[in-house]
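In: Generate coordinates for the sequence data below:
(one chain, ligands or ions: 1)
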Amino acid sequence: MTASQPEHEPEPIHDAEVIAFPARPDTQVVDAEIVPTDTEDQEETAKPEAPAATTEVAVRPKGRAVVVPASLRTAAFRAREVAKRPDRLALAVLKHELIFGSVGTARGAGHVWRWMTAAELDTQLAIKPELVLTTRKKRRNVVLTGAGTTAAAVTAAWFLLTPAVPILALLMVLAVAGGLERRRTALGAAEAGHAALGGSPSAKEVKQVFVAAKLAKQADQVRVVGPVTRTDGAWEATLELPPGTTYKNATKKRGEVAGAIGVDEVQVALDPVKGHNGRVKLWVADEDPMQGHRVENPLATRAADRVNFWTDKLFAGRDARGRAVEFKMVERSYMIGGEPGGGKSVASNNVLAWFFLDPRTQVYLADGKFGFDLMVWEPMAKFVLTDKRPEAMIAMLREVIAEMDRRYKILRKIGAPKVTEAIAKKYGLHPIVVHIDEVQFWSASGDTKADKEFMTALADIVGRGRAAGIITGVITQRPAAEVVPTRLRDILSIRWALRCTTPAASDTILGTGWSGRGYSAALFEPDQRGAGYVLAEGSSPVQTRAAFIDPDRGELQALADRAYALRKDAGTLPAADERTDVRLLNAVLGAMGDADKIHSDMLVTRLADTDEFADLTQEALAKILRPLGVVSKGVWAAKIEDPTTKTTRQGYEKDAVLQALERV
Ligand SMILES: Nc1ncnc2c1ncn2[C@@H]1O[C@H](COP(=O)(O)OP(=O)(O)OP(=O)(O)O)[C@@H](O)[C@H]1O
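Out: Below is the predicted model:
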């Protein structure tokens with residue numbers, strides 16, 4: 001019997017006596033044992049009716065106590081056990097080594113096999129069969145030669161030396177492979193990063209990613225459909241998720257999937273598989289697809305092209321896999337938003353270049369900055385809003401609404417539901433585009449009445465304009481509900497979110513809930529210029545890098561010149577007095593007065609008296625006049641501060657301005 005395990009059921013304690021041990025301040029109880037006390041003592045201390053709980057008390061062990069750390073005691077215990085059965089330990093070590101060694105060797109053999117069969121070139125088989133087959137043949141020869149040489153060496157060693165040599169060699173291979181495998185296992189899922197996965201990971205490794213991302217509990221719940229293949233600069237695999245887990249569940253976990261692979265989120269694409277909602281196509285880029293070489297706009301490279309608004313698709317950029325992101329603009333409207341510097345002007349230029357390259361399209365331009373971002377397009381625009389007063393914007397929208405009403409009347413008369421290319425041609429109802437940059441200037445100006453009037457007119461054009469061949473586009477650097485109310489956003493059919501500061505801002509552009517489903521323009525970094533999400537054709541937003549028409553290479557001006565020439569030929573340029581460039585050149589002539597040349601500073605001072613060009617700086621003026629063929633140079637003219645004195649400074653000659661006017 002022991003104190004902790006009494007042989008009888010313990011009875012309730014009614015009374016007990018506390019036995020005090022003499023105090024020994026210089027010693028500390030480290031260990032103790034339970035020993036029976038003398039019968040005498042027992043009789044003395046235990047009262048007859050007292051509970052017979054125990055006849056044992058704790059006493060100090062005899063002799064001096066030695067402090068032995070627990071770890072040392074454990075080690076000593078283990079050593080004692082091993083000493084008893086060394087064979088068992090040897091067996092355990094061997095088993096351990098054999099398991100890791102065999103798995104490691106099998107993995108190595110798998111790598112060799114994939115290399116020999118050129119698995120990374122699988123997708124090229126249909127396009128370049130010769131390259132793939134030659135590579136496979138060469139690699140097969142290398143492997144067979146290596147294997148043959150090893151087999152010959154092993155046989156020779158076995159018979160000529162001693163069988164111990166090849167056996168030792170085999171054990172060494174197992175030990176090395178086992179070591180590598182153990183290291184791999186130790187690194188575990190946390191290190192199952194891109195480097196660990198490599199450029200063409202095994203199916204098992206890919207499954208592990210989904211376990212790490214908590215899309216499956218175990219690897220065998222995920223099925224890899226077909227091989228894991230390599231495409232240009234990426235690897236891809238199709239996966240079947242555990243029953244009940246859908247493609248949408250996977251897209252929500254894109255960040256976790258990227259983390260488990262060890263790459264940036266933008267490097268991972270998860271696409272649906274048609275016909276199976278439980279399958280997902282995983283694509284992982286080696287490099288960040290939202291950086292590196294710019295995406296070219298084919299309009300800038302195909303010099304002879306013009307656009308047909310009714311049949312062509314607008315090229316916006318490329319998705320993460322390098323596929324074109326393009327969509328038709330018939331019966332559409334658009335919104336481009338993102339934080340300053342995110343690439344809105346660049347994105348807008350892709351859109352505007354496309355519209356202007358169809359000479360039939362009439363474009364209304366308004367820019368809440370009243371700057372020069374749209375200057376390159378202004379000479380061809382049907383109307384450019386230069387008046388900052390809210391009434392001026394309302395007047396512009398009313399003009400469009402009046403045209404829209406006129407079109408509906410014609411449609412009703414001819415019994416057509418909407419304007420088509422044929423109807424447009426027959427009745428002159430060519431596409432109209434209303435492009436409003438920095439829309440917050442009018443939609444959130446602070447003047448509630450004016451804002452409301454603007455929003456009502458704009459929503460009317462967006463809603464009814466589609467069928468009448470009128471396209472509306474709004475751009476904003478402040479994507480917020482008060483700038484673009486939900487009721488307007490929801491009827492804008494193409495939504496392009498460039499980098500945003502918050503997921504909420506991204507949702508303001510794309511629509512509520514998209515960021516929660518893994519589509520947020522807030523995940524882009526400032527150096528990923530032009531990166532965004534486009535919601536246009538498909539059911540989900542597409543991660544897109546906008547095409548970049550580079551103004552510094554003269555591409556933007558070249559496109560504008562082409563559009564201008566096309567419109568000149570088609571006779572669709574606006575009347576001279578409606579054009580900003582003509583108005584500016586006339587204003588410059590007016591500022592020159594009778595003089596045949598003028599210094600730039602004097603010109604700008606005099607233009608300040610006009611309403612339209614009052615804010616122009618010398619640099620801005622030079623930027624606008626240069627494409628028109630008017631270049632500033634050193635001219636001998638009267639000084640502004642003292643007209644009687646002449647001096648040489650940068651300025652303009654009247655002849656150049658007159659020639660430019662003739663040209664435009
Ligand atoms: N798609 C792109 N590819 C490469 N570079 C780009 C792209 N988009 C933008 N950039 C770079 O970012 C710069 C800023 O772009 P952009 O002027 O379009 O931004 P923004 O959003 O319009 O800025 P802001 O609101 O201040 O006008 C460009 O001058 C260009 O250098």
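
In: burial measure for the closest residue to Lys204 other than its chain neighbours, as a count.
Out: Computed as CB to CB, 6 or more residues apart in numbering, the closest residue to Lys204 that is not its neighbour in sequence is Ala219, at 6.4 Å. In this view, the C-beta of every residue, glycine as well, is placed from N, C-alpha and C. By other CB atoms under 10 Å, the residues close to Ala219 number 17.

In: Point out where the chain drops to low pLDDT.
Out: 1-71, 82, 120, 122-127, 184-196, 198, 303-304, 576-578, 664 (pLDDT under 70).

In: if I look at the residue of it at minimum distance from the ligand, how far off is Leu352?
Out: Nearest residue of the chain to the ligand: Gly530, at 2.1 Å (CB to the nearest ligand atom). Using CB to CB, to the nearest Å, Gly530 is found at 16 Å from Leu352.

In: List the buried residues in the regular element (helix or strand) spanning Ala175.
Out: Under the criterion of DSSP states H and E, Ala175 resides in helix 164-187. Within helix 164-187, the residues scored as buried using 16 or more other CB atoms under 10 Å are 166, 174, 177-178, 180-182, 184.

In: From the contact counts, what lies against that helix?
Out: helix 86-116, helix 129-160 (3 or more CB pairs under 8 Å, 6 or more residues apart in numbering; DSSP states H and E).

In: Packing partners of the longest one?
Out: It refers to helix 129-160. helix 86-116, helix 164-187.

In: what's the angle between that helix and helix 164-187?
Out: Orientation check (axes from the mean of the first three to the mean of the last three CA atoms, to 10 degrees): helix 129-160 against helix 164-187 gives 130 degrees.

In: Of Gly530 and Leu352, which one has the most company?
Out: Legend: neighbour count by other CB under 10 Å for Gly530 and Leu352, higher for Leu352 (27 against 24).

In: So the closest residue to the more buried one other than its chain neighbours versus Thr580, what's the distance?
Out: Of all residues not flanking Leu352 in the chain, Trp377 sits nearest, at 5.4 Å (CB to CB, 6+ apart). Computed as CB to CB, the Trp377 to Thr580 distance reads 10 Å.

In: Pull up the residues of the stretch 201-350 of the chain that are close to the ligand.
Out: Residues of the stretch 201-350 of the chain that fall close to the ligand, judged by CB under 6 Å from any ligand atom: 294, 338, 340-346.

In: Now restrict the residues you listed to buried residues only.
Out: Buried, going by 16+ other CB under 10 Å: 294, 338, 342-346, out of these.

In: What is the nearest of the residues you listed to Phe454?
Out: Distances from these to Phe454 were compared by CB to CB; the smallest belongs to Lys344, at 19.9 Å.

In: For that closest one, grab phi and psi.
Out: Taking degrees, to the nearest 10, you get phi -70, psi -40 for the backbone angles of Lys344.

In: Take the helix or strand encompassing Arg80, keep the C-alpha atoms, and write them as PDB.
Out: Arg80 is part of helix 70-84, with elements assigned from DSSP H and E. Listed in PDB are the C-alpha atoms of helix 70-84, where the atom choice follows Å, rounded to 0.1, in the frame of the first residue of the first chain:
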ATOM      1  CA  ALA A  70      16.400  16.500 -14.500                       C
ATOM      2  CA  SER A  71      17.900  16.500 -18.000                       C
ATOM      3  CA  LEU A  72      21.000  14.700 -16.800                       C
ATOM      4  CA  ARG A  73      18.800  12.100 -15.100                       C
ATOM      5  CA  THR A  74      16.800  11.600 -18.300                       C
ATOM      6  CA  ALA A  75      20.000  11.200 -20.300                       C
ATOM      7  CA  ALA A  76      21.400   8.700 -17.800                       C
ATOM      8  CA  PHE A  77      18.100   6.700 -17.900                       C
ATOM      9  CA  ARG A  78      18.300   6.600 -21.700                       C
ATOM     10  CA  ALA A  79      21.900   5.500 -21.700                       C
ATOM     11  CA  ARG A  80      21.000   2.700 -19.300                       C
ATOM     12  CA  GLU A  81      18.200   1.600 -21.600                       C
ATOM     13  CA  VAL A  82      20.500   1.600 -24.700                       C
ATOM     14  CA  ALA A  83      23.100  -0.300 -22.800                       C
ATOM     15  CA  LYS A  84      20.500  -3.000 -22.000                       C
END
